[in-house]
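J.: Give me the fold of what follows.
(2 chains)
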Amino acid sequence: MAASERSTKDKLLAVLDDLEVLCRELIELLALSRNQKIAQPGEENQILNMLIQKDGEFQEIVRVALEQGKTQEEMHLLEKEVEKRDGDIQQLQKQLKEAEHILATAVYQAKEKLKSIEKARKGAISSEELIKYAHRISASNAVAAPLTWVPGDPRRPYPTDLEMRSGLLGQQSNLSTNGVNGHLPGDALAAGRLPDVLAPQYPWQSNDMSLNLLPPNHSNDFMLEPPGHNKENEDDVEVMSTDSSSSSSDSD
Amino acid sequence: MAAAVAVAVTAATTTTTTTTTTATADVKASIKQEDCSFLPIVHDIIKCMDKDSQDVHQELNRLKTKLQETRELILAIPGIDLSPEQQQLQLQNLRDQVRTKNELLQKYKSLCMFDIPKT
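T.: Coordinates of the predicted model:
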């Protein structure tokens, strides 16, 4: 059993050592028999036979070694093939990992979307109510200018100074400081001192259909300035427009 | 006696030569096998001893050199660190590995693919 597990290299080296020993013994024996003129044919023949046998054995093991060399080349090619396949498997593993990550992200996002959909379905609002609410917001011209709006139109999507002064707070303060705040002619109607019959009718006032839809507190927005004061009102508007606090370009 | 020894060596060498010449599958291998035989050199040494020639020392040196060279050649042959049986086991193992990995790759490549719609 131990002999079969010996490597071919060990066997070759062992047989070579034996050959060397036998060659040396044979040559020494021949030299001795020649010098001493003593014939020892039996021993010489024995060594010679052993030498021949060992040589044959050596030849056989060399043949096996050469075949093993060829097998080793085939194994080398197979090892390269295995390495290449390992590389391919690693590449495939990397791509599968990437695909798994992408799919996991997509599934997570889809689940979140489904949750949002379910949440929205639970808190559903009727479309009529939404439209009504949107209409109320947009009816005051707070989100977009009216169709008939032109540059120079004093209307703004926010309460202007005139509108504030025509309100309750403005009237209260004007009554208490009468003549002090009325330095601008255009403020006469705003201060409530001109009658309504003198209120001018401008093109945008009659053509604007949204007038009928406005909330009540915006009904006097378009009747503030008399015609005679149009130019002055434009100046007022320009003054007001340039005022940083009331500028329409001032947003948010 | 020496003549008988020489004849025996010659006969053995001839037999070896005949054996190797019949194995013509690989010329390179047969040449190596011939080179590995020590009987021709022993035969030459014995002949020189019979003739009391001065070439005996030269032939002895040749034998010594050949032994050394053969030793170096043996160390250079690849794949002989194992026995033939062990090497065959390793070879079979490698073949199985290659076959298994090929099958694995083929299996994963032939899996159903998702149809990704092009947007």
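J.: Any idea how many residues pack against residue 50?
T.: No chain in the question, so chain A it is. For A:Met50, the count of nearby residues is 16 (other C-beta atoms under 10 Å in any protein chain shown). (Each C-beta comes from the backbone N, C-alpha and C, glycine too.)
J.: my bad, the chain I had in mind was chain B
T.: The number of residues packed near B:Asp50 is 15, by other C-beta under 10 Å.
J.: so how far is chain A from it?
T.: Between B:Asp50 and chain A the distance, using C-beta to the nearest C-beta, to the nearest Å, works out to 9 Å.
J.: Where does that residue fall, secondary structure wise?
T.: Element membership of B:Asp50, judged by DSSP states H and E, is helix B:39-51.
J.: B:Gln87 versus the residue in chain B positioned nearest to chain A, what's the distance?
T.: Here the residue of chain B nearest chain A is B:Gly79; by C-beta to the nearest C-beta that distance is 2.8 Å. Separation of B:Gly79 from B:Gln87 (C-beta to C-beta, to the nearest Å) stands at 6 Å.
J.: follow-up on the earlier one: got the buried residues for the helix holding B:Asp50?
T.: Within helix B:39-51, the residues that qualify as buried are B:39-49, counting by 16 or more other C-beta atoms under 10 Å in any protein chain shown.
J.: Just the strands from chain B, written as ranges.
T.: Taking DSSP state E as the test, none of chain B falls into strands.
J.: Show me it divided up by domain.
T.: B:30-77, B:82-108 (automatic domain parsing).
J.: nearest to A:Glu5, of these?
T.: Of all the domains of chain B, the one in closest proximity to A:Glu5, counting by C-beta to C-beta, is domain B:82-108 (6.1 Å).
J.: Only the buried residues of the closest one, if you could.
T.: B:82-84, B:87, B:90-91, B:94, B:97-98, B:101.
J.: returning to what we had before: identify the contacts common to B:Gly79 and B:Gln87.
T.: Listed as contacting both B:Gly79 and B:Gln87 by C-beta atoms under 8 Å, 6 or more residues apart in numbering or on different chains are A:68, A:71-72, A:75.
J.: which of those are close to chain B?
T.: Taking C-beta under 8 Å from any C-beta of the partner chain, the overlap between those and the neighbourhood of chain B is A:68, A:71-72, A:75.
J.: Closest to A:Leu169 out of those residues?
T.: Closest to A:Leu169, out of all of these and judged by C-beta to C-beta, is A:Met75, at 100.7 Å.
J.: check contacts around A:Asn89.
T.: Just so we're on the same page, residue A:89 is Ile rather than Asn. Going by C-beta under 8 Å, 6+ apart, the list of residues near A:Ile89 reads B:101, B:104-105.
J.: Which ones among the residues you listed lie within helices?
T.: Using DSSP state H, the subset of these located in helices is B:101, B:104-105.
J.: In terms of pLDDT, where does the residue lying closest to A:Leu92 once chain neighbours are set aside sit?
T.: Nearest residue to A:Leu92, sequence neighbours excluded (C-beta to C-beta, 6 or more residues apart in numbering or on different chains): B:Tyr108, at 5.9 Å. pLDDT, B:Tyr108: 83.
J.: Test my guess that B:Tyr108 contacts A:Gln95.
T.: No: with contact defined as C-beta atoms under 8 Å, B:Tyr108 and A:Gln95 do not form a contacting pair (9.8 Å).
J.: Where do the helices of chain A begin and end?
T.: Applying DSSP H to chain A gives helices spanning A:2-5, A:8-36, A:41-122, A:127-139, A:161-166, A:168-176, A:187-190, A:203-207, A:230-242.
J.: Would you tell me which one of those helices is buried the most?
T.: Using mean count of other C-beta atoms under 10 Å in any protein chain shown, the stretch among those with the largest mean neighbour count is helix A:187-190, at a mean of 22.
J.: how close does B:Asp55 get to A:Gly123?
T.: Applying C-beta to C-beta, the value for B:Asp55 to A:Gly123 is 116 Å.
J.: In terms of neighbours, single out the busier of the two.
T.: Neighbours per residue, other C-beta under 10 Å: of B:Asp55 and A:Gly123, the larger number sits with B:Asp55, 14 against 6.
J.: pLDDT score for the more buried one?
T.: Looking at B:Asp55, its pLDDT stands at 86.
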